[in-house]
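> Just a sequence and a predicted model for now, questions to come.
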Number of protein chains: 2
Amino acid sequence: MSNYKVGIFGLGAMGFGMAGALRRAGLMTHGFDINTDAVAKFKAEGGADGTLDEVASTLDAAVVVVVNAAQTEAVLFGANGIATKLAKGTAVISCATVAPDFARDMARRCEELGLLYLDAPVSGGTIKAGEGTLSILAAGAPAAFQKGGPALDAMSAKVFALGDVVGAGSSMKAVNQMLTGVHIAAMAEAMTFGMTQGVEPAKFLEVITQCAGNSWALESRAPSIVNGDYHPLSAVDIWPKDLGIVLDIAKSAKFSAPITAAALQQYLAASGSGLGGEHDSAVAKVYARNAGLTLPGQD
Amino acid sequence: MSNYKVGIFGLGAMGFGMAGALRRAGLMTHGFDINTDAVAKFKAEGGADGTLDEVASTLDAAVVVVVNAAQTEAVLFGANGIATKLAKGTAVISCATVAPDFARDMARRCEELGLLYLDAPVSGGTIKAGEGTLSILAAGAPAAFQKGGPALDAMSAKVFALGDVVGAGSSMKAVNQMLTGVHIAAMAEAMTFGMTQGVEPAKFLEVITQCAGNSWALESRAPSIVNGDYHPLSAVDIWPKDLGIVLDIAKSAKFSAPITAAALQQYLAASGSGLGGEHDSAVAKVYARNAGLTLPGQD
């Protein structure tokens, strides 16, 4: 066990996996969440003991892995926020997908308290989170990279160092989510369109992955439709949130993003028709329903 | 030189490359085009001599590589159409992107003349055409595959045999074009969106190709924007045509394809503003113009 101490705030699907990766890398890892079952489960797997007030001032790094900007702000600066409990010089590694302006605001407020802020959204999903093989899109001061380094390394296969201007990580994350969200919905659109022309989903997967229409998202998500398996590795409801953030940023910049906007509507239709908790590939069910098609595994 | 004789009809960007690949594979290859300069150039590089009326009845395979359905029909059944000049048992390899119904109609009319029709659109672009490393999405009778085999093998790295029902090749090609067209425009949308947030195009290319937002189209087209090089390896004007075909098929099937429709609008804006002859990555110029951005290499 290293002397390096990490607190991870948020033990959801991503955070729980990342906490395990930190722990298995030999870092003393404290897990916190308002869900006490998740905290107990993490401690049972080897998470370190201690209340927030006991351990906060001893941490080298605080990794914040919550759903959105509001939760990130609550963890840092809410009623029982950690920012004033951490020692000066602690690295604050903020991993949620947020707007770049929000990241800059959090950094400023953390820096006023002597904390080292890293704008560090992640890419890769829950499986890579658990393996400690995420990609981290990180921006912040060199001192923040240095202090947070052991935690970053434990969680990731690759850290993209995007410079010392906080917000660059969140900007790149927004770009990545924009493309991934569009590609998943486009895959669903093309697969179901193909079905209207007699192209079976399994044949689609076999052929298109070897042709110009291929994408990472297609390779990742098309098999779940072929197999009729909508277990939510990454839920439909991620996309109204993340593409919503993207389009909010775009609107602020007066940037017209018609393809992203069209994709968002399909996820909203999926969520609105009760599919929000299914795997995001279930956006294909919207297309299938609209076209009178029956997907593999459906009645 | 093999005894196998091929006529290739259409010596444009794709056809000229494919003709060279056929010739270099040792097949006796006759090139035909209404552009007499292209015909002369192909003969100068080793294409076989002979007028259409002299050679048509001696061909083993006729490869039709024109722009669309109308040109395909004109080559086969127009005023000087080849279908009635070919010997029974000749393979007709139809490579243009067309609607599946059109392919079935051509097959029926060819089969009435004793010809062996292959619905065989290609994927891969002009560079792979010249290398003889295209992907061919082929459907037709076993006898057609057998007779056309030497020509298919010479032109391709991979032949996807999609069964004996003509139209399956064109259906898969439509699916592939739908995704490729959407992905190129989405790449342009995301790259220029990133620019509004301080993400430079070169950094976008470096990072996103290693993240979940990656696609074949992004890897293929983003470098041209980074380099400011819009030499038309595949022109903007391909997409109003091919996505137009896709959406015509979708409309016939009462299939709602909102993402494809949004992408088509961006290509139409590119074409309508004078960019139709540039590389299809120039769709990024529409986004840049709309957002007041300056792309690499622009004044």
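Sure, I can see it. Since we're looking at a predicted model, the values are computed, not measured.

> Buried residues, the helix or strand where A:Glu219 lies. List them.
A:Glu219 is located in helix A:216-226, with elements delineated by DSSP states H and E. Along helix A:216-226, these residues count as buried under the neighbour rule (16 or more other CB atoms under 10 Å in any protein chain shown): A:216-218, A:220-222, A:224-226. Every C-beta, even on glycine, is put in place using the N, C-alpha and C of the backbone.

> Next up, the contacts around A:Phe204.
With contact set as CB atoms under 8 Å, 6 or more residues apart in numbering or on different chains, A:Phe204 has these partners: A:190-191, A:194, A:222, B:172, B:175.

> ok, so of the residues you listed, who is nearest B:Gly114?
Checking those against B:Gly114 by CB to CB gives B:Met172 as the nearest, at 27.0 Å.

> Look up how far A:Cys95 lies from the closest one.
B:Met172 sits 40 Å away from A:Cys95, taking CB to CB, to the nearest Å as the criterion.

> near chain B, which residues of the stretch 1-150 of chain A?
Applying the criterion CB under 8 Å from any CB of the partner chain, the portion of the stretch 1-150 of chain A that neighbours chain B consists of A:100, A:123-125, A:135, A:137.

> how long is stretch A:59-78 from one end to the other?
The distance separating the two terminal residues of stretch A:59-78, taken as CA to CA, to the nearest Å, comes to 19 Å.

> Other residues contacting it?
A:4-10, A:12, A:14-15, A:18, A:22, A:30, A:56, A:81-83, A:86-87, A:90-99, A:102, A:106, A:109-110, A:147-148, A:150-151, A:155, A:241, A:245.

> Selection in PyMOL covering whichever of those are buried, please.
Per 16+ other CB under 10 Å, the buried members of those correspond to this PyMOL selection:
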select buried, chain A and resi 4+5+6+7+8+9+10+12+14+15+18+22+30+56+82+83+86+90+91+92+93+94+95+96+97+98+99+102+106+110+147+148+150+151+155+241+245
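
> who's in contact with the nearest residue to A:Gly46 once chain neighbours are set aside?
Closest residue in space to A:Gly46, ignoring its immediate chain neighbours: A:Arg23 at 5.4 Å, by CB to CB, 6 or more residues apart in numbering or on different chains. If a contact means CB under 8 Å, 6+ apart, then A:Arg23 has A:29, A:45-47 as its contacts.

> So A:Arg23 belongs to a helix, correct?
Yes: counting by DSSP: H, G, I helix; E, B strand; the rest coil, A:Arg23 falls inside a helix.

> check contacts around the closest residue to A:Gly297 other than its chain neighbours.
Distances taken as CB to CB, 6+ apart place A:Gly228 nearest to A:Gly297, at 1.9 Å, with adjacent residues excluded. Counting by CB under 8 Å, 6+ apart, A:Gly228 touches A:295-298.

> ok, back up a step: now the helix holding A:Glu219 against helix B:216-226, angle please.
Angle between the axes of helix A:216-226 and helix B:216-226 is 160 degrees (criterion: axes from the mean of the first three to the mean of the last three CA atoms, to 10 degrees).

> can you tell if the helix or strand following helix A:216-226 touches chain B?
Heading C-terminal from helix A:216-226, the first helix or strand you meet, by DSSP H and E, is helix A:238-252. Yes: Helix A:238-252 lies in contact with chain B when judged by CB under 8 Å from any CB; the contacting residues are A:246, A:249-250.

> who does the following helix or strand past helix A:238-252 touch, helix- and strand-wise?
As assigned by DSSP H and E, the chain's next helix or strand after helix A:238-252 is helix A:258-270. Using 3 or more CB pairs under 8 Å, 6 or more residues apart in numbering or on different chains; DSSP states H and E as the contact criterion, the neighbours of helix A:258-270 among helices and strands are helix A:168-196, helix A:238-252, helix A:283-291, helix B:168-196, helix B:258-270.

> B:Ala38: which of those helices is closest?
helix B:168-196 (24.0 Å).

> and that closest one, how far out from the chain's middle?
What separates the centre of helix B:168-196 from the centre of its chain is 15 Å, taken as CA atoms, centre = their mean, to the nearest Å.

> Stretch A:151-163 now?
The answer for stretch A:151-163 is 14 Å, by CA atoms, centre = their mean.

> and that stretch, C-alpha only, in CSV?
Included here for stretch A:151-163 are C-alpha records, laid out as CSV according to Å, rounded to 0.1, in the frame of the first residue of the first chain:
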residue,chain,number,x,y,z
ALA,A,151,-4.3,8.9,-9.2
LEU,A,152,-4.5,9.7,-13.0
ASP,A,153,-2.1,6.9,-13.8
ALA,A,154,-4.0,4.4,-11.7
MET,A,155,-7.3,5.1,-13.5
SER,A,156,-6.1,5.4,-17.1
ALA,A,157,-4.3,3.8,-20.0
LYS,A,158,-3.7,7.2,-21.5
VAL,A,159,-3.7,10.7,-20.1
PHE,A,160,-4.1,13.4,-22.8
ALA,A,161,-2.4,16.5,-21.3
LEU,A,162,-4.3,19.3,-23.0
GLY,A,163,-2.4,22.2,-21.5
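
> Quick check: mean pLDDT of it?
Stretch A:151-163 shows a mean pLDDT of 96.

> And for stretch A:10-26?
The pLDDT scores in stretch A:10-26 average 96.

> Show me how far that stretch is from its chain's centre.
In terms of CA atoms, centre = their mean, the centre of stretch A:10-26 is set 13 Å apart from its chain centre.

> cool, stretch A:5-18 as well?
12 Å.

> Could I have the CA atoms of it written out in CSV?
Listed next in CSV are the C-alpha coordinates belonging to stretch A:5-18 (Å, rounded to 0.1, in the frame of the first residue of the first chain):
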residue,chain,number,x,y,z
LYS,A,5,-4.2,8.8,-0.2
VAL,A,6,-7.2,9.3,-2.6
GLY,A,7,-10.8,10.1,-1.8
ILE,A,8,-13.2,9.3,-4.6
PHE,A,9,-16.5,11.2,-4.5
GLY,A,10,-19.3,9.4,-6.3
LEU,A,11,-19.5,5.6,-6.4
GLY,A,12,-21.9,5.1,-9.3
ALA,A,13,-21.2,2.9,-12.3
MET,A,14,-18.1,4.9,-13.3
GLY,A,15,-16.9,5.9,-9.9
PHE,A,16,-17.2,2.5,-8.3
GLY,A,17,-15.0,1.0,-11.1
MET,A,18,-12.5,3.8,-10.9
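
> SS state for A:Ala62?
Each residue gets one of three states, and A:Ala62 gets strand by three-state DSSP.

> hang on, the earlier thing: just the CA trace of the helix holding A:Glu219, in PDB.
Output for helix A:216-226, consisting of C-alpha atoms alone and laid out as PDB, is shown next (Å, rounded to 0.1, in the frame of the first residue of the first chain):
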ATOM      1  CA  TRP A 216     -15.900   3.000 -32.800                       C
ATOM      2  CA  ALA A 217     -19.500   3.500 -31.600                       C
ATOM      3  CA  LEU A 218     -20.800   1.000 -34.200                       C
ATOM      4  CA  GLU A 219     -18.300  -1.700 -33.200                       C
ATOM      5  CA  SER A 220     -19.200  -1.000 -29.500                       C
ATOM      6  CA  ARG A 221     -23.000  -0.800 -29.700                       C
ATOM      7  CA  ALA A 222     -24.200  -2.700 -32.800                       C
ATOM      8  CA  PRO A 223     -23.500  -6.100 -31.200                       C
ATOM      9  CA  SER A 224     -26.000  -5.400 -28.500                       C
ATOM     10  CA  ILE A 225     -28.800  -4.900 -31.000                       C
ATOM     11  CA  VAL A 226     -27.800  -8.000 -33.000                       C
END
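
> Report all helices and strands that that helix contacts.
Counting by 3+ CB pairs under 8 Å, 6+ apart, the packing neighbours recorded for helix A:216-226 are helix A:168-196, helix A:201-208.

> can you redo the ones you listed as JSON lines with mean pLDDT?
Output for these, formatted as JSON lines (pLDDT from 0 to 100):
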{"stretch": "helix A:168-196", "mean pLDDT": "98"}
{"stretch": "helix A:201-208", "mean pLDDT": "97"}
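
> ranking those helices by burial, who's on top?
With neighbours taken as mean count of other CB atoms under 10 Å in any protein chain shown, the helices and strands packed on helix A:216-226 reach their highest mean count in helix A:168-196, at a mean of 29.
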